[in-house]
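Participant: Mind looking at a prediction? Sequence and model below.
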Amino acid sequence: MSEIFVVGNGPSLKNFDFNYLKDKTWIGMCAGFRHWEEIDMYPTHYCCIDSVVCNHHRYKILDMIENNKCKSFMICGSLFKSDIGEKLQSYKNVLCIQQYILSQQNPFRYLIDYCTGSTSVLYGYCLGAKKINILGCDCEYIEFIPECVELEDKTLKIIKEPENNPNYYYNKYQQIGDIYNKPNTDKVHKSSWWDLRNIILLFNILRDLQVEVYNYNTTDKLDEYFQRKNLNELK
């Protein structure tokens, strides 16, 4: 595989034409399926490793698996212990990030902090991509939007339909009843991208590879990790 696109759900993709990805290999994330259903186009691979988000959307994730919407699924190990765990175990294309982390000579074993975005890039690396293009991973979250409340366990819940969600390109990405983790941008997301950058540098040396990673974004939040390019450069 020469090239893979890692496609997040950040607002920088507000006007992006997803038809560009029709003939591309790409990884989609988390609740992006709400938009994919609308445009009738699914990613080549799916990733969601946030245990709270995975659990909340587990039936939709299972539906995508059973209907072969994607070639592979990288998910959180907690789902294998849930009420759909037995079904998940029957699919060889359903992968558990915790098992990857325990694998010898696997880049995942060097992860300290990780989020779905950084995990998706590392998964693309493990799939053998020579060039990885990151889209929509803005790393610029508003931690609490007015339409959410904090629950006793510190997770967040959407209690009102966001009319203009500042954290996502698709306003229907979060809906009433959704439960999710506080983004913790500085403590989790930024440190996970730092770990990812270092792992790729290390394994490029160890395996004598020259895998290039580019960030097509409108924010500078990942500039210290990867070279940034303009989204309009994609043709």
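Facilitator: That came through fine.
Participant: Return the list of strands paired to the helix or strand where residue 27 lies, each annotated with direction.
Facilitator: Using DSSP states H and E, residue 27 sits within strand 26-29. Strand 26-29 has its sheet partners listed here by DSSP bridges as strand 3-7 (parallel), strand 45-48 (parallel).
Participant: Other residues contacting it?
Facilitator: 4-9, 36, 42-48, 70, 116-117, 120, 123-124 (Cβ atoms under 8 Å, 6 or more residues apart in numbering). All C-beta spots, glycine's among them, are computed from the backbone N, C-alpha and C.
Participant: Moving along the chain from that strand, name the first helix or strand you hit.
Facilitator: According to DSSP H and E, the helix or strand after strand 26-29 is helix 33-39.
Participant: re the thing from before, a markdown table for the strands paired with strand 26-29, including mean neighbour count?
Facilitator: Shown next, in a markdown table, are the strands paired with strand 26-29 (neighbours: other Cβ atoms under 10 Å):
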| stretch | mean neighbour count |
| --- | --- |
| strand 3-7 | 23 |
| strand 45-48 | 25 |
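Participant: And the ones you listed: which comes nearest residue 171?
Facilitator: strand 3-7 (17.4 Å; Cβ to Cβ).
Participant: hang on, the earlier thing: can you give the distance from the strand holding residue 27 to the centre of its chain?
Facilitator: In terms of Cα atoms, centre = their mean, to the nearest Å, the centre of strand 26-29 is found 6 Å from the chain centre.
Participant: just stretch 131-151 next, same as before
Facilitator: On the basis of Cα atoms, centre = their mean, stretch 131-151 sits 11 Å off its chain's mean C-alpha point.
Participant: cool, stretch 12-19 as well?
Facilitator: 16 Å.
Participant: Return the set of buried residues in that stretch.
Facilitator: 12-13, 16, 18 (16 or more other Cβ atoms under 10 Å).
Participant: repeat for stretch 29-46
Facilitator: Per 16+ other Cβ under 10 Å, stretch 29-46 contains these buried residues: 29-36, 42-46.
Participant: what do you get for stretch 109-119?
Facilitator: Neighbour-count burial for stretch 109-119, with 16+ other Cβ under 10 Å as criterion, is recorded at 111, 113-119.
Participant: Remind me what the longest helix along the chain packs against, helices and strands.
Facilitator: The residue-count maximum for a helix in the chain (DSSP state H) belongs to helix 190-206. Judged by 3 or more Cβ pairs under 8 Å, 6 or more residues apart in numbering; DSSP states H and E, the packing partners of helix 190-206 are helix 116-126.
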